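Need coordinates for the below:
(2 chains)
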Amino acid sequence: MVKKKQLDFWSIVKVAILLFICLTILYPISTVVIRSVTNAEGHVTLANFLKFFTTKYYLDVLKNSLFVSAITTIFSIIIGVFMAYVLTRYDIRAKKLINIVIILSLMSPPFIGAYAWIMLFGRSGLVTEFMLNVFHITLPTIYGKWGIISIFTIKMFPYVYLFTSGAMGSIDSSLEEAAENLGSSKWQRLRDITIPVVLPSILAGSVMVFTSCISDFGTPMLIGQNYKVLATLVYEQYMSEIGTSSNFAAAVSMVVIGLATAVLIFQNVYINRRNYNMSAMRPPQTVHLKAGARVAVMIPVLIVVFVCMLPQLVVIVTSFRNCNGPYFVEGWSLDSYRMIFTRMVRSIKNTYVFSVFAIIIMVVIGSLTAYVTVRKRSALTQITDVVMMFPYVIPGAIMGLSYIIAFNRKPFFLAGTAFIMILSYSVRKIPYTVRSAVGFLHQMDPFVEEASINLGVSPGKTFFKITLPMMLPGVISGAILSWIETINELSSSIMLYSGKTSTIAVAIYNEVARNSFGTAAAMATILTLSAAIMLVVANVVSKGKVSIV
Amino acid sequence: MSQRVVIDNAVKFYGDFKALKGVSLDIQPGEFFTLLGPSGCGKTTLLRMIAGFNSIDGGEIRFDDRVINDVPAHKRDIGMVFQNYAIFPHMTVAENVAYGLKAKKVPKAEIGPKVKEALELVQIAQLADRKPSNLSGGQQQRVALARAFIIEPGVLLMDEPLSNLDAKLRVQMRTVIKKLQRRLGITTIYVTHDQEEALAISDRIAVMKDGQVMQVNVPSEIYTHPENQFVAGFIGVSNFINCTIDSNTAGPVNAVVTPEFSVPMQLAGPFHGEAVISARPEQLLFSETGIPGKVLFSTFLGDFIEYEIEIEGGQVLQLNEYTKDTSRIRPDGESVHIQFDPMRVGAYDENGALLTVWGQ
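Numbers count the residues shown, from 1 in each chain, chains lettered A, B, ... in the order given. Okay, here's the model as predicted:
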């Protein structure tokens, strides 16, 4: 009998996914690596790195990035852990609403915070002028490092909050009861039981904060002024090297990638080893607070929630104000909206068209990847999974740069096309879809698939008839997060867009840069509303289990 | 058509661990065959190899004369009932049951009546349009059964299908399964760790341990004539009493328990040395003579009384006395004498191999 080696469905899928990540992740990044160690003539050299590490200006930029990221991480831990503890342990009202506000803060366009703070505390900001005119007090400037740190903290602390509250909610209450039973006081319990058990989650959240700070581009660009960080340096260098071969920009990118990778390795080695995986049989009871204590706890919570909402509120309110060029004038109208729907229709249309195409790619590839990662576990699928998470930590400006280098040569010539924007969105934002689908798959009974195969349905058909419908809530809620992040995406777009492929995020950035605040606010409002609506949809689809971590 | 399943020296490795060490079985068309053993014995591994979900690392599995080693799972023409039923949660009961027929491209007009008939057979016709989340465990079990047999598979596999049900339902469902299997005549391979369930439901049983088959036979033979000490201990309750045997020939011999007391039995061949006598609680009886001991503890269980008795030398035995034979419950501490039913006891050597010939 001749043995036929059948090419089964999942082998083909694995090969296809592998090809996809090679072409869209490994190949572009490798071009950056090569650029960074060559000179304009193509000779191998370490001069780019030498230049970076021996020039005071660049070293200061590196220091700035580390400083801003570290301080933001510390602030985020303080606020995030406090919020997580209070919201999981005490009977605070409107917990779900608070949760959504916090997630929305994280899922807001990266520069909206900077923009709103300029509106309020900028040179001609509302609060600044009010204080000056009424009290004759000159407020400290928000431009520079402390402005960046404040805005980063507001945007990023949700990472710590979400990781920590997840862990605190899953400590079995019998654990603390056991400690209490053994005679330890409330503070001892917190110190000896609760904190050590949630510490890995706090650190995991902190790692997310730190890497996001390193890679964020919009905030330092808008509010940093002369305070440069790595992400803005990459952009600047690339822009000033346009027409040349961008070798130095590539070297700076490698420094950033190196930093992000180091932090991720730290997370894998140190944190994951200490992860106490628990599923609480009895989640912790919430403690009922008396009136006085409730007020004492609610005040800081409300302040945090208010500050989270502030950027969005400012943006929405100012979008209805009348403007005259860069200045807001008396009265309210829909002029800003009229303006964007006549002048910037293309950007708005592009945003939704690109994001819909990107989301289709993400759903198809993301759900297949999630499936092979969970059900066809092998060394290869694990590597695939890790590589796919890579764009999550690589700054968008660098992904953009790598795409320009990689796809603006034979045989591609894709620069400036819609295709390259869609491709970069798909690759950069797919981790949300994959993670969410993986989470759902882990809870799904694998025997259901075997039952289908057993009844004579091939593995490929089984995936589409049985597995996909069952994991759909996970895929959809993840895809919605991917979609929100896609419409908000600035840092890679700004590298890749051309006049015809501008998006809302790019347009807002350009409007803010030329002080046209009214139109920027109107477009930001469109993004915020889109995000808020879809977040609620995600919550409904996943029955409240929407998780961005 | 019902198929014969031949397993020829099947081997399975998990890494370096040999989970199946060369298992051979010959399962007849229409037979209800059970793989019985403790967890980790390889029974589920073997079942999943037959289903095609585990690879076969050595040996052969044949359906009739067809070697199925390299046939993919969805082309093996097998019905399977899973431990947790594996009902498709997004389909109704009727859609679940129709799923396999659709896959087989059965004409639409035939599917409806067939599904109806199958649901009637498992007595859940009234649930046809329900979603699985609204069904009880027993009802889901019936859906899983109907879904498996409706495709008229050559072989039906069942992986501990009753283990998630409560005790009463378990007894009820095993009768449903047995009657259904008789009626449909599908070769059925059933996996369980519950020896009582295996005895009740099977035509034949293979008792497995550590990736090997310890004994294959009909339930009554497995129970009354266990071929080794493992089977004697695993199926039902057995007392093992240390003894010495000293004989140069086969035939009648007295196994010495204490200097004053020995048990007569039929030896299969010459043997010298330490051995264990195996006797079930109902094969021990109170008597005027016999091995002396005292009652440690008694439990009244309705149709019989279960005694724990410490015999001379310190070993503790279990003896069942039927309430139809006596109405007196012996108090703890009472001195008693115990005899063995000589026709029904066996003896095993230190490796657990059978030394005796069973009495007729």
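
give the contact list for B:S163.
Contacts for B:S163 (Cβ atoms under 8 Å, 6 or more residues apart in numbering or on different chains) come out as B:83, B:192-194. Bear in mind the C-beta positions are built from the backbone N, C-alpha and C, glycine included.

By neighbours, which of those wins?
B:T192 (23 neighbours; other Cβ atoms under 10 Å in any protein chain shown).

who's in contact with that one?
Contacts of B:T192 by Cβ under 8 Å, 6+ apart are B:34-36, B:160, B:162-163, B:198.

Got the phi and psi for it?
Here is the backbone geometry of B:T192 (degrees, to the nearest 10): phi -160, psi 160.

Give me the neighbour count for the residue in chain A that chain B sits nearest to.
When scored by Cβ to the nearest Cβ, chain A has A:L455 as its residue closest to chain B, at 3.5 Å. Other residues within reach of A:L455, judged by other Cβ under 10 Å, total 24.

do the same with B:P342
14.

about what we covered before: check the residue of chain A closest to chain B and give its pLDDT.
pLDDT, A:L455: 91.

which residue sits closest to it in space, ignoring its chain neighbours?
Distances taken as Cβ to Cβ, 6 or more residues apart in numbering or on different chains put B:G100 closest to A:L455, at 3.5 Å, once the chain neighbours are dropped.

how much space between the one you found and A:I193?
51 Å (Cβ to Cβ, to the nearest Å).

what separates stretch B:214-222 from the chain centre, distance-wise?
Here the centre of stretch B:214-222 is set off from its chain's centre by 9 Å, with Cα atoms, centre = their mean, to the nearest Å.

distance between the ends of stretch A:108-115?
Stretch A:108-115 stretches 12 Å from its first residue to its last (Cα to Cα, to the nearest Å).

Identify the residues contacting residue 253.
Here I'm looking at chain A. With Cβ under 8 Å, 6+ apart, A:S253 has these contacts: A:32, A:36, A:234, A:395, A:398, A:401-402.

meant chain B, my bad for not saying
B:245-247, B:264-267.

Confirm that it sits in a helix.
No. With DSSP: H, G, I helix; E, B strand; the rest coil as the criterion, B:V253 is assigned strand and is not in a helix.

how close does it get to chain A?
52 Å (Cβ to the nearest Cβ, to the nearest Å).

number of nearby residues for residue 63?
I went with chain A, as the question did not name one. Quick note: A:K63 (other Cβ under 10 Å) scores 11 neighbours.

could you do chain B instead?
Neighbours of B:F63 (other Cβ under 10 Å): 19.

what's around A:T55, how many residues?
11.

which parts of chain A sit against chain B?
Counting by Cβ under 8 Å from any Cβ of the partner chain, chain A comes close to chain B at A:1, A:3, A:6, A:8, A:445, A:447-448, A:450-459, A:461-462, A:466, A:469-470.

And those, which of them are buried?
A:447-448, A:450-459, A:462, A:466, A:470 (16 or more other Cβ atoms under 10 Å in any protein chain shown).

circling back: by neighbours, which of the contacts of B:T192 wins?
Ranked by the number of neighbours (other Cβ under 10 Å), the contacts of B:T192 place B:L35 first, at 30 neighbours.

bridging residues for it?
Residues in a beta bridge with B:L35, per DSSP bridges, are B:V191, B:A206.

For it, give its distance to chain A.
B:L35 is 18 Å from chain A, by Cβ to the nearest Cβ.

Contacts only, for B:V207.
Shown in contact with B:V207 (Cβ under 8 Å, 6+ apart): B:36-37, B:213-216, B:222, B:230-231, B:234-235.

Out of these, name the ones that lie in helices.
Among these, DSSP state H puts B:222, B:230-231, B:234 in helices.

before we move on, the earlier item: among the buried ones among the residues of chain A next to chain B, which pair sits farthest apart?
A:G456 and A:M470 (19.3 Å; Cβ to Cβ).

Return the distance of stretch A:505-513 from the chain's centre.
So, by Cα atoms, centre = their mean, the centroid of stretch A:505-513 is 19 Å from its chain's centroid.

and that stretch, which residues are buried?
For stretch A:505-513, by 16+ other Cβ under 10 Å, it's A:505-512.

So for A:R375, what pLDDT did the model give?
86.

Please name the spatially closest residue to it (chain neighbours excluded).
A:P446 (6.5 Å).
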